[in-house]
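J.: quick one, what's the 3D model for this:
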Amino acid sequence: MQMIVDARGETVDYRFPEANAAFGGHTGLVDPIGKTALELVPDLDASWFELYGGRRGHGAPGALREPRPGDGPLVRGVREPRR
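T.: Numbering: from 1, shown residues only. Purely as a prediction, here's the structure:
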């Protein structure tokens with residue numbers, strides 16, 4: 001994912017530059033390549049930006065454990081530190 005940040009450096013969206021064949025089956029998102037999360041899910045809960053972008057400088061893993069209203073197929077996520 002490519003993080004999209006505002007002037008303060010806060011993650012406000014993210015783009016999918018690539019996705020494998022299983023991605024659509026796991027997420028329910030169709031044709032995500034080159035699109036942003038908000039283009040694919042306009043009412044996406046802001047906690048997803050914190051999960052994927054908020055810890056990027058810390059290398060800490062993160063997880064969403066409970067579904068949130070309006071998230072559709074994106075009810076769980078895990079971020080692993082880059083190696």
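J.: so in terms of bridging, what pairs with Tyr14?
T.: Per DSSP bridges, the residues bridged to Tyr14 are Met3.
J.: where does this protein have low pLDDT?
T.: Applying pLDDT under 70 to the chain flags residues 54-83.
J.: and the helices in it?
T.: 21-27, 37-40, 47-49 (DSSP state H).
J.: packing partners of the longest one?
T.: For helix 21-27, the contact count by 3 or more CB pairs under 8 Å, 6 or more residues apart in numbering; DSSP states H and E identifies no helix or strand as a packing neighbour. Placement of C-beta: from N, CA and C, glycine included.
J.: buried residues, it. List them.
T.: Buried residues in helix 21-27, counted by 16 or more other CB atoms under 10 Å: Thr27.
J.: do a quick rundown of the strands in the protein.
T.: 2-5, 11-15, 62-64, 77-79 (DSSP state E).
J.: now render the helices of the chain as TSV, adding distance to Arg8.
T.: As requested, these are exported to TSV (distance: least, CB to CB, whole Å):
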stretch	distance to Arg8
helix 21-27	28
helix 37-40	18
helix 47-49	13
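J.: nearest approach to Asp13 belongs to which of those helices?
T.: Closest of the helices of the chain to Asp13 is helix 37-40, at 5.0 Å (criterion: CB to CB).
J.: excluding its backbone neighbours, what's nearest Asp6?
T.: Val12 (5.0 Å; CB to CB, 6 or more residues apart in numbering).
J.: for Ala46, see how far away that neighbour is.
T.: Distance of Val12 to Ala46, computed by CB to CB, to the nearest Å: 9 Å.
J.: among these two, which residue is more densely surrounded?
T.: It is Val12, of Val12 and Ala46, that has more neighbours when counted by other CB atoms under 10 Å, with 15 against 11.
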